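Novice: What follows is a predicted structure for the sequence shown.
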Amino acid sequence: MNLSRMLRARAEAGDPVRVGLIGAGKFGSMFLAQVRTTPGMQLLGVADLSAERARAALARTGWTDEQVGARSFDEAYDRGTTCVTQDAAALIRAPLDVVVEATGNPEAGIGHALECIRAGTHVVMVNVEADALAGPLLARRAREAGVVYSLAYGDQPALICELVDWARACGFEVVCAGKGTKYLPHYHQSTPDTVWQHFGWTAEEVARSGANAKMFNSFVDGTKSAIEMAAVANATGLLPPSDGLLFPPAGAEEMQDVLRPEPHGGVLERSGMVEVVASLQRDGSSIERDLRWGVYVVFRGETEYVRECFSQYGLVVDASGHYAALYRPYHLIGLEVGISVASAALRNEPTGAPVAWLADVAATAKRDIDAGEVLDGEGGYCVWGKLVPAERSLAEHALPIGLAHGVRVVRPIAAGSLVTWADVEPHPNAEVVAIRREMEATFRPFA
């Protein structure tokens, strides 16, 4: 509640929190827009594979040539300016307090996180893909090194973790937590060729936006929801469904009715789960007061006294009076990530971080896949990511979605099947595979 005061104190002392950004895409650009106006925070450097893209992002978000003209990190440190580089490793070695990893590439994200940990620098992992692939191990290594590994505030997983923490700190039983999204069952077969029809964009609008079809398709086909809910489950101890997210239709006033355990009239296998609510009815019609852009927590009051308090203060509850929901209708993505930066640097606390390996995201065939085809990963033509319990993922030898790209299929895979490690040739990035295998061995859920 006092981060702004703490930041002002750092500004007045001439010792701002120094932060580096890796990845100048949409999320990174949104952070650039706000770090410029945050007292007590200095953007020391931006690293991107394209220096031109990084400079364009800085210019688009209000930075002047004078502010980004530093030729080295030492010069940027001394003059309070910013340096642009294509060398992420050099940025990590700079005199930083926090690195914001916003590449969206799981392999790159894991490598950058490990470099930050070795350098003694806090890391804010915007890259939820990397977190879903190996986050529990990265977080443990960070804790052992005395640095913070954090989910990114503004992105939905960290906001969900905050709501869960609120409910538990108040003494409530957390029944369910998650987010909303636009969903219909056939979206799982969406490809980069069909994605824009789900957004209602014309070809001209797509061309003007410069949007990445694969990235947007990951949101449509359910993969991004699975990745984000895996992050929430692993950070909060809430459990994933046994056979993938249900995406039940539910509006803001209906969640306490829908997201209850089955014996109490809801859709959950048990209390204490993650789930994503759909903003559309199964016939495609809109839901009144949908939660497409929001996050929520469903909680339970144990006693009649608490039930009476819920009623007295106007809380919307189920028929029993014991189940209620609290929600936030919007999230502002990178505009809010400075909260994570400040929390890591000033409080030594993450805004959500994995503490166990309970959920995984398994690559699942969108169609029949022939031997010899090469998988194209998240948001592509071949596979989508399905949320499953980590124990099931291990038992069925499921290939994680973060490693389901650039690998050749060695035997036919039927549509709807989980892709296994034996279905594909060995992944070319042996280091990342080793990290993943170490995480599996370290956090085996049934050990």
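Specialist: Yes, it's here. Numbering: from 1, shown residues only.
Novice: Just the buried positions in the top strand by length along the chain, please.
Specialist: Taking DSSP state E as the criterion, the chain has its longest strand at strand 173-181. By neighbour count with 16 or more other CB atoms under 10 Å, strand 173-181 contains the buried residues 174-181. Where C-beta positions appear, they are placed from N, C-alpha and C, glycine not excepted.
Novice: Adding pLDDT, write these out as a markdown table.
Specialist: As requested, the buried residues of strand 173-181 are exported to a markdown table (pLDDT from 0 to 100):
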| residue | pLDDT |
| --- | --- |
| Val174 | 98 |
| Val175 | 98 |
| Cys176 | 98 |
| Ala177 | 98 |
| Gly178 | 98 |
| Lys179 | 98 |
| Gly180 | 97 |
| Thr181 | 97 |
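Novice: May I see those residues arranged in a markdown table, with distance to Ile333 as well?
Specialist: Converted to a markdown table, the buried residues of strand 173-181 look like this (distance: CB to CB, whole Å):
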| residue | distance to Ile333 |
| --- | --- |
| Val174 | 25 |
| Val175 | 27 |
| Cys176 | 23 |
| Ala177 | 19 |
| Gly178 | 17 |
| Lys179 | 13 |
| Gly180 | 15 |
| Thr181 | 14 |
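Novice: I'd like the distance from the longest strand of the chain to the chain centre, please.
Specialist: Centroid displacement of strand 173-181 relative to its chain, using CA atoms, centre = their mean, to the nearest Å, is 15 Å.
Novice: That one pairs with which strands, parallel or anti?
Specialist: According to DSSP bridges, strand 173-181 forms sheet pairs with strand 273-278 (parallel), strand 295-300 (antiparallel).
Novice: Report the next helix or strand after it in sequence order.
Specialist: Using DSSP states H and E, the helix or strand that follows strand 173-181 in sequence is helix 195-199.
Novice: pLDDT on the next helix-or-strand element following that next one, on average?
Specialist: Later in the chain than helix 195-199, the nearest helix or strand by DSSP H and E is helix 203-209. Mean per-residue pLDDT for helix 203-209: 73.
Novice: In PDB, please show the C-alpha coordinates belonging to helix 203-209.
Specialist: Only the C-alpha atoms of helix 203-209 are listed here, as PDB (Å, rounded to 0.1, in the frame of the first residue of the first chain):
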ATOM      1  CA  ALA A 203      -7.600  -7.500 -43.500                       C
ATOM      2  CA  GLU A 204      -7.000  -3.800 -43.500                       C
ATOM      3  CA  GLU A 205      -7.200  -3.600 -39.700                       C
ATOM      4  CA  VAL A 206      -4.900  -6.500 -39.300                       C
ATOM      5  CA  ALA A 207      -2.300  -4.900 -41.600                       C
ATOM      6  CA  ARG A 208      -2.500  -1.600 -39.800                       C
ATOM      7  CA  SER A 209      -2.100  -3.200 -36.400                       C
END
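Novice: How far off centre is the next helix or strand after that helix?
Specialist: The helix or strand immediately downstream of helix 203-209 is helix 213-220, counting by DSSP H and E. Computed by CA atoms, centre = their mean, the chain-centroid distance of helix 213-220 equals 14 Å.
Novice: which residues are contacting helix 213-220?
Specialist: 104, 181-182, 187, 190-193, 195-196, 198-199, 206, 224-225, 376-380, 385 (CB atoms under 8 Å, 6 or more residues apart in numbering).
Novice: Narrow those residues to those that are buried.
Specialist: Looks like the contacts of helix 213-220 have 104, 181-182, 187, 190-192, 195-196, 198, 224-225, 376-380, 385 buried, using 16+ other CB under 10 Å.
Novice: ok, and the closest non-adjacent residue to Ile110?
Specialist: Using CB to CB, 6 or more residues apart in numbering and skipping the chain neighbours, the partner closest in space to Ile110 is Ala130 (5.0 Å).
Novice: for the buried residues of strand 173-181, which one is nearest Ile287?
Specialist: Set against Ile287, the nearest of the buried residues of strand 173-181 by CB to CB is Gly180 (9.2 Å).
Novice: give me every residue that touches that closest one.
Specialist: Taking CB under 8 Å, 6+ apart, one finds 276-279, 290-296 in contact with Gly180.
Novice: And Leu7, by the same measure?
Specialist: Per CB under 8 Å, 6+ apart, neighbours of Leu7: 17, 38-41, 342, 346.
Novice: Sticking with it, tell me its helix or strand.
Specialist: Element membership for Leu7, per DSSP H and E: helix 3-12.
Novice: Give me the residues contacting the helix or strand that comes right after that helix.
Specialist: Using DSSP H and E, the helix or strand that follows helix 3-12 in sequence is strand 17-22. By CB under 8 Å, 6+ apart, the residues outside strand 17-22 that reach it are 7, 10, 28, 31-32, 35, 40-48, 77, 88, 91-92, 94-103, 112, 341-342, 345-346.
Novice: for stretch 188-206, same thing?
Specialist: Here stretch 188-206 makes contact (CB under 8 Å, 6+ apart) with 182, 187, 209, 213-214, 216-217, 220-222, 364, 366-367, 379-381, 384.
Novice: Repeat the analysis, applying 10 Å as the threshold.
Specialist: Here stretch 188-206 makes contact (CB atoms under 10 Å, 6 or more residues apart in numbering) with 182-184, 186-187, 207-209, 211-223, 244, 247, 364, 366-367, 376, 379-382, 384-386, 415-416.
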